[in-house]
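Novice: let's see this in three dimensions:
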Amino acid sequence: MGRDVRTALLTLGLVFCGLFAAMTAAVAVEYGFDIFTVAAIAILALIVPPLIGALLHRDD
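Specialist: As a prediction, this is how the structure comes out:
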């Protein structure tokens, strides 16, 4: 896989996570925190750092 494709896919993953975070925040503001909001935050906490790490540390 080329570097451009890899970067595009990782960026798309981060954009998806950003949209997911925005929707989670909107639901939390409107309806308050519940178990699903906490689960969504936990999912984001597990997905976002590896995506950022993969973008910052490129393959040789």
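
Novice: quickly note the distance from the spatially most central residue of the chain to residue 2.
Specialist: In the chain, the centroid-proximal residue (C-alpha atoms, centre = their mean) is residue 17; its distance is 2.7 Å. Using C-beta to C-beta, to the nearest Å, residue 17 is found at 23 Å from residue 2. To be clear about C-beta, it is placed using only N, CA and C from the backbone, and glycine gets the same treatment.

Novice: one more: residue 25?
Specialist: In terms of C-beta to C-beta, residue 25 sits 34 Å off from residue 2.

Novice: name the residue in these two with the higher neighbour count.
Specialist: A side-by-side neighbour count of residue 25 and residue 2, using other C-beta atoms under 10 Å, places residue 25 first with 13 against 7.

Novice: what strand or helix carries the residue nearest to the centre of the chain?
Specialist: When secondary structure is defined using DSSP states H and E, the element that contains residue 17 is helix 3-31.

Novice: what packs against the helix or strand just after that helix?
Specialist: Reading on from helix 3-31 to the C-terminus, the next helix or strand found by DSSP H and E is helix 35-56. For helix 35-56, the elements it packs on are helix 3-31, judged by 3 or more C-beta pairs under 8 Å, 6 or more residues apart in numbering; DSSP states H and E.

Novice: show me which positions of the helix it packs on end up buried.
Specialist: For helix 3-31, the buried set under the neighbour-count rule, 16 or more other C-beta atoms under 10 Å, comprises 10, 13-14, 17, 24, 28.

Novice: quick one on the thing from earlier: could you find the closest non-adjacent residue to the residue nearest to the centre of the chain?
Specialist: Of all residues beyond its chain neighbours, the one nearest residue 17 is residue 48 (5.3 Å), with distances taken as C-beta to C-beta, 6 or more residues apart in numbering.

Novice: circling back: report pLDDT for the residue nearest to the centre of the chain.
Specialist: pLDDT recorded at residue 17 is 97.
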